[in-house]
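Trainee: predicted structure and sequence below. I'll ask about it afterward.
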Amino acid sequence: MRSPIPDYLAEVLDDCRGDEGGAVADYIPELARADPDRLAIALTTPDGATYCAGDADVEFSIQSMSKPFAYDIALRDSGFEAVLGKIGVEPSGEAFNEISLESSSGRPRNPMINAGAIAAHSLIEGRDAEERTERFRERMSLAADRELQYDEAVYTSELESAYRNMAIGYMLRTHGVLDGDPEDVVRGYIRQCALSVTTRDLSIMAATLANGGVQPVTGRRLSGDRAIRQTLSVMMTCGMYDAAGDWMTTVGIPAKSGVAGGILGALPGQVGIAVLSPRLDVHGNSTRGVQLFERLADDMGLHLMEVPPVGRSVLRGHTLHGDADVIGLQGVIGFAAAEAVVRQVVETELSGGEVILDLTRVHGVSDVARRILLEVVRRLTLHDDKQVSLVDPEGILEDPDAGDGVRPRVLASLDDRGGSPAH
Ligand code: GLN
């Protein structure tokens, strides 16, 4: 069978191909030469499958889509305290290149506008622009699983007329947000923006963000959960500049656009998406790119606020197995699901002396759910005088220490009862 997914992507591209609204960025002379009709889309799943349509293998400069990645690297290289001390996390409602700082703190408002991104670039490890951009290039190559290069023509072209970004650099230096030579930092930032990528690369890089920092193809961990959560959060609130609120309500996917016409989006746990179409709207976001995202979000129910209810569906019910009460669970257990289990245990008339939580069909337990389940085990044991066992053949509830000396028996299967513990 032929996969319907690339066909669907091609259809979505065709549907918005006719829209010629907007204009290519021309304040960077090299970008003005881009073919305005280029159109591409790619998506990558957390287990590393990539689907593309259109010009997905054409290279263009990453521009502002480098900002979330540079912020993530800065968080890891310099630590949260240093980064948060220099760059805020509030949406600015201003254009991406606004020359302004938070009046109370003198910090750039967020790392997705140029002022914050220039500051974030300075917090990447390295003595000068060359070392920082080389580190950036190496990290991005790991995320794309391909050796990426800088587009020297785009870099030089932007540098030649970078008066505004230089002004921002000097402003940051005056307020003590940058130490050292502001021109060196701005040069590094501009080079970072000139990294050459394809739409396919970007979807894989976005999937690394969606996947909590684990590169979906190589399985290599490139960032930590906290840094990724922080990065996705500022993408969600600030990634689309002064159109961020509109984007949140219509698309609802943490995203970042670039002036070369790319937009990347990362839906946590689900998918990395990238599109390319060089004509931009008044906010500097790709016109057809925004449409493509709106279409995907609608067709595929990708909005962050649209999540299927998970509570009751994890319960497989209460059965009796000999004289033991068995509570069967399934799927991924998060807070709402764990609460449903608690309620089931509280409301069920437990008849026997033994309670078995059957986790055979559970394939994930969040931290809070784990603590709640272990508290259920502790209370049943100490307050209700039950013997509690877990059927947990894969050790999903690793090291089930319920506290106060309570450790449930762990069985490999329901029929294992009476036998020796599985672990
Ligand atoms: N290099 C560009 C600039 O600083 C990036 C802007 C963008 O992509 N929005 O102006």
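Mentor: Structure received. Note that the structure is a prediction, hence the values are computed from the model and not measured.

Trainee: so which bits of this structure are right by the ligand?
Mentor: 63-64, 96-97, 114, 158, 165, 190, 193, 258-259, 284 (CB under 6 Å from any ligand atom). Using the backbone N, CA and C atoms, a C-beta is placed for each residue, glycine as well.

Trainee: with pLDDT and distance to I5 added, can I get the residues you listed in CSV?
Mentor: Putting the residues of the chain next to the ligand into CSV (pLDDT from 0 to 100; distance: CB to CB, whole Å) gives the following:
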residue, pLDDT, distance to I5
Q63, 98, 28
S64, 97, 28
F96, 85, 32
N97, 86, 37
N114, 96, 36
E158, 96, 36
N165, 96, 39
I190, 98, 37
C193, 98, 31
G258, 96, 25
V259, 96, 29
G284, 91, 30
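
Trainee: could I have the buried ones of the residues you listed as ChimeraX selection syntax?
Mentor: The ChimeraX selection below is limited to those of those classed as buried (16 or more other CB atoms under 10 Å):
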select :63,64,96,97,114,158,165,190,193,258,259,284
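
Trainee: show me the two of the residues of the chain next to the ligand that sit farthest apart.
Mentor: The distance between the two most remote of the residues of the chain next to the ligand (CB to CB) is 16.1 Å, for I190 and G284.

Trainee: between the residues of the chain next to the ligand, which sits nearest K86?
Mentor: N114 (14.4 Å).

Trainee: hey, where'd the helices end up in the stretch 1-150 of the chain?
Mentor: For the stretch 1-150 of the chain, applying DSSP state H, counting those that start in this stretch gives helices covering 4-17, 29-32, 66-78, 80-86, 114-122, 129-144.

Trainee: no, scratch that, I was asking about the stretch 301-423 of the chain
Mentor: Ranges of helices in the stretch 301-423 of the chain, per DSSP H, counting those that start in this stretch, are 335-347, 367-382.

Trainee: out of the helices of the stretch 1-150 of the chain, which is closest to Q270?
Mentor: With CB to CB as the criterion, Q270 lies closest to helix 4-17 of the helices of the stretch 1-150 of the chain, at 13.9 Å.

Trainee: so where's the stretch 101-250 of the chain shaky on pLDDT?
Mentor: Counting by pLDDT under 70, the stretch 101-250 of the chain contains no low-confidence range.

Trainee: so who does P408 touch?
Mentor: 357, 377, 381, 388-390, 400, 402 (CB atoms under 8 Å, 6 or more residues apart in numbering).

Trainee: next one: the closest residue to it other than its chain neighbours relative to the ligand, how far apart?
Mentor: Excluding the flanking residues, the one nearest P408 by CB to CB, 6 or more residues apart in numbering is V388, at 4.5 Å. Applying CB to the nearest ligand atom, to the nearest Å, the value for V388 to the ligand is 56 Å.

Trainee: enumerate every residue touching V271.
Mentor: Contacts of V271 by CB under 8 Å, 6+ apart are 43-46, 207, 210, 302.

Trainee: looking at the helices of the stretch 301-423 of the chain, which is nearest to R221?
Mentor: Counting by CB to CB, R221 lies closest to helix 367-382 out of these; the figure is 17.9 Å.

Trainee: ok and that closest one relative to helix 335-347, angle-wise?
Mentor: Here helix 367-382 runs at an angle of 10 degrees relative to helix 335-347 (axes from the mean of the first three to the mean of the last three CA atoms, to 10 degrees).

Trainee: what residues does helix 367-382 touch?
Mentor: Everything outside helix 367-382 that qualifies as a contact, by CB under 8 Å, 6+ apart, is 333-335, 337-339, 341-342, 345, 355, 357, 365, 386-388, 390, 397, 400-404, 406, 408.

Trainee: list the ones among the residues you listed that fall in strands.
Mentor: 333, 355, 357, 365, 387-388, 390 (DSSP state E).

Trainee: filter those residues down to the buried ones.
Mentor: For the ones in strands among the contacts of helix 367-382, a burial check counting by 16+ other CB under 10 Å picks out 333, 355, 357, 365, 388, 390.

Trainee: the first one contacts E339, doesn't it?
Mentor: No: with the criterion set as CB atoms under 8 Å, I333 and E339 do not qualify as a contacting pair; they are 10.0 Å apart.
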